[in-house]
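K.L.:
Make a model of this:
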Amino acid sequence: MNWKRVWTIAVKEYRQFFRDHRTVAATMLLPLIQVILYGYLSSEVRHQPTIVWDTSQTAESRDLLRAFTNSSYFSIDYQAKSMGDLVRHIDDGHALAGIVIPPDYAKLLHEKKMPTVMVAVDASDATAAQTALSAAQAVGTSVTQHMIIRQLRLSGEPIPGVGVDVRTRAWYNPGLRQEVFIVPGVLALVMQFTMTFLSMSTIVRERELGTLEQLIVSPIRSSELMLGKMIPLMTIGYINVTTILLLAVFWFQVPILGSVVLLYFTVLAFFFTTLGMGTLVSTVAKTYVQAVQLIQFLLMPSMLLSGFIFPIDAMPTVLRWLSYLIPLRYFLTIVRGIIIKGVGIDYLWPQVLLLLVLGLAVFTTAVLRFQKRIDA
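P.N.:
Next up, the predicted model:
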């Protein structure tokens with residue numbers, strides 16, 4: 001073996017690799033981003049936003065709420081004025097847990113009776129809900145133990161019935177089935193990956209095959225060319241959505257509680273984001289390999305920061321702020337809200353509006369970058 005020739009070939013490959021700045025950036029930065037994100041992301045949810053309907057309004061009820069806050073699993077951010085107010089906050093996703101304290105809470109404690117406190121948890125995310133339900137039960141047990149110890153110090157003997165009875169409720173997913181949470185998320189994730197790769201491939205492949213020249217010399221405008229390519233992809237996307245929904249309902253037994261029409265409308269808004277992203281990448285990449293690397297560079301952080309795997313509330317502050325730029329975050333909230341909670345546009349309009357704004361921004365940027373010419 002002639003090692004001189006081997007080295008010559010190796011030097012040529014080094015030069016070709018480092019000459020392609022897009023490939024170098026994608027190859028070097030993607031592993032670093034993945035390590036950093038996985039290092040900071042966690043499935044353990046603490047300080048869950050909680051709404052309280054305290055109909056007792058006594059020092060004893062405030063002590064109980066302080067115990068929930070000190071557990072570090074609940075953050076009391078909202079005060080409800082009625083049960084309907086509590087339900088609305090959990091329905092729209094502002095609160096992930098709700099605590100209801102009865103009006104006779106303090107009176108029952110003084111009578112050495114056990115009052116019942118309800119803790120309702122949004123169980124659309126079964127893993128996070130299980131943690132919150134266990135934490136609520138632990139708070140009730142801890143408060144009861146402290147009351148028993150205090151009673152023993154005062155009277156020297158325990159009194160039956162002293163303590164707090166914390167009754168937990170898992171809303172939207174009483175059985176805490178993982179597939180109820182996972183399947184709607186998979187629908188959103190599959191749509192993002194499929195539509196982004198399809199839109200990227202249609203343009204990059206034509207550039208590599210040389211057929212893009214024929215389109216360039218034609219009287220077709222760039223916007224007309226893009227829309228002509230996007231419409232068939234949207235049709236494929238809707239076929240995929242329908243297939244996944246049928247599998248969800250008839251195979252995984254995941255009921256769709258909300259409006260399918262609203263779901264299909266929001267899917268159209270999400271298509272603008274995914275197709276725009278794929279087209280935008282195709283205007284930057286020179287080859288199919290480059291395009292695939294850039295797509296992975298964009299989609300991996302999008303998946304990790306969207307709330308598909310790791311709860312957004314468990315992320316560090318910087319990553320939570322970055323997640324607001326991820327369209328998949330809003331679409332996941334919409335899909336899970338419609339399918340799992342059965343909520344309508346009156347609850348989801350902020351997410352729908354933000355998704356439309358981001359989708360139009362990405363798609364418009366892609367149209368402006370796409371020039372009906374071959375890059376030099």
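
K.L.:
Let's verify residue 114: helix, strand, or coil?
P.N.:
Under DSSP: H, G, I helix; E, B strand; the rest coil, the three-state class of residue 114 is coil.

K.L.:
so what's it up against?
P.N.:
Residue 114 makes contact with 108, 161, 162, 163, 164, 165, according to Cβ atoms under 8 Å, 6 or more residues apart in numbering. No exception for glycine: its C-beta is placed from N, CA and C like everyone else's.

K.L.:
Quick check on those: which are buried?
P.N.:
Neighbour-count burial within these applies to 108, 162, 163, 164; the criterion is 16 or more other Cβ atoms under 10 Å.

K.L.:
of the residues you listed, closest to residue 139?
P.N.:
Nearest to residue 139 among these is residue 164, at 8.6 Å by Cβ to Cβ.

K.L.:
In this structure that closest one contacts residue 115, no?
P.N.:
Yes - using Cβ atoms under 8 Å, residue 164 is in contact with residue 115, at 6.2 Å.

K.L.:
Touching both of these two, which residues are there?
P.N.:
By Cβ under 8 Å, 6+ apart, the residues touching both residue 164 and residue 115 are residue 109.

K.L.:
So the residue lying closest to residue 82 once chain neighbours are set aside, which state does it fall into?
P.N.:
The shortest distance from residue 82 to any residue other than its chain neighbours is 7.2 Å, reached at residue 53 (Cβ to Cβ, 6 or more residues apart in numbering). When classified by three-state DSSP, residue 53 comes out as strand.

K.L.:
And the average pLDDT for stretch 324-340 is what?
P.N.:
Mean per-residue pLDDT for stretch 324-340: 92.

K.L.:
do the same with stretch 225-244
P.N.:
Average pLDDT, stretch 225-244: 85.

K.L.:
Same question for stretch 207-217.
P.N.:
For stretch 207-217, mean pLDDT is 68.

K.L.:
Quick one: low-confidence residue ranges for the stretch 251-376 of the chain.
P.N.:
Along the stretch 251-376 of the chain, segments meeting pLDDT under 70 span 370-376.

K.L.:
separation between the nearest residue to residue 354 once chain neighbours are set aside and residue 167?
P.N.:
Using Cβ to Cβ, 6+ apart and skipping the chain neighbours, the partner closest in space to residue 354 is residue 330 (5.2 Å). For residue 330, the distance to residue 167 (Cβ to Cβ, to the nearest Å) stands at 34 Å.

K.L.:
So between those two, which is more surrounded?
P.N.:
Using other Cβ atoms under 10 Å as the criterion, residue 330 and residue 167 rank with residue 330 on top: 29 against 13.

K.L.:
Phi, psi for the more buried one please.
P.N.:
Main-chain torsions, residue 330, degrees, to the nearest 10: phi -70, psi -40.

K.L.:
ranges for the helices of the stretch 251-376 of the chain?
P.N.:
260-284, 288-305, 317-323, 327-336, 345-369 (DSSP state H, counting those that start in this stretch).

K.L.:
what angle do the fourth one and helix 260-284 make?
P.N.:
Put plainly, it is helix 327-336. 160 degrees (axes from the mean of the first three to the mean of the last three Cα atoms, to 10 degrees).

K.L.:
Give me the distance from helix 327-336 to the chain's centre.
P.N.:
Chain-centre distance of helix 327-336: 6 Å, with Cα atoms, centre = their mean, to the nearest Å.

K.L.:
which residues are contacting it?
P.N.:
Contacts of helix 327-336 (Cβ under 8 Å, 6+ apart): 93, 124, 181, 184-185, 187-189, 191-192, 263, 266, 270, 273-274, 302-303, 305-308, 312, 323, 348, 351-352, 354-355, 358-359, 362.

K.L.:
Then the last one?
P.N.:
Outside helix 345-369, the residues within contact range by Cβ under 8 Å, 6+ apart are 88, 91-93, 222-223, 226, 262, 266, 269-273, 275-277, 279-280, 283-284, 325, 327, 330-331, 333-334, 337-338.

K.L.:
And these, which of them are buried?
P.N.:
Among these, those buried by neighbour count (16+ other Cβ under 10 Å) are 88, 91-93, 222, 226, 262, 266, 269-273, 275-277, 279-280, 283, 327, 330-331, 333-334, 337-338.

K.L.:
ok so, going back, what's the separation between the residue nearest to residue 354 and residue 320?
P.N.:
Distance, residue 330 to residue 320, by Cβ to Cβ: 14 Å.

K.L.:
what's the average pLDDT for stretch 80-91?
P.N.:
92.

K.L.:
Pull out the buried residues from it.
P.N.:
Result for stretch 80-91 [16+ other Cβ under 10 Å]: buried residues 80, 86, 87, 88, 89, 90, 91.

K.L.:
CSV please, covering those residues and showing secondary structure.
P.N.:
Listed next are the buried residues of stretch 80-91 as CSV, based on three-state DSSP:
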residue, secondary structure
80, coil
86, helix
87, helix
88, helix
89, helix
90, helix
91, helix
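
K.L.:
would CSV of these with distance to residue 344 be doable?
P.N.:
Putting the buried residues of stretch 80-91 into CSV (distance: Cβ to Cβ, whole Å) gives the following:
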residue, distance to residue 344
80, 21
86, 19
87, 14
88, 12
89, 16
90, 15
91, 10
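
K.L.:
Provide the backbone phi and psi angles at residue 77.
P.N.:
The phi/psi pair for residue 77 (degrees, to the nearest 10) is phi -100, psi -20.

K.L.:
Right, I'll call it a day here.
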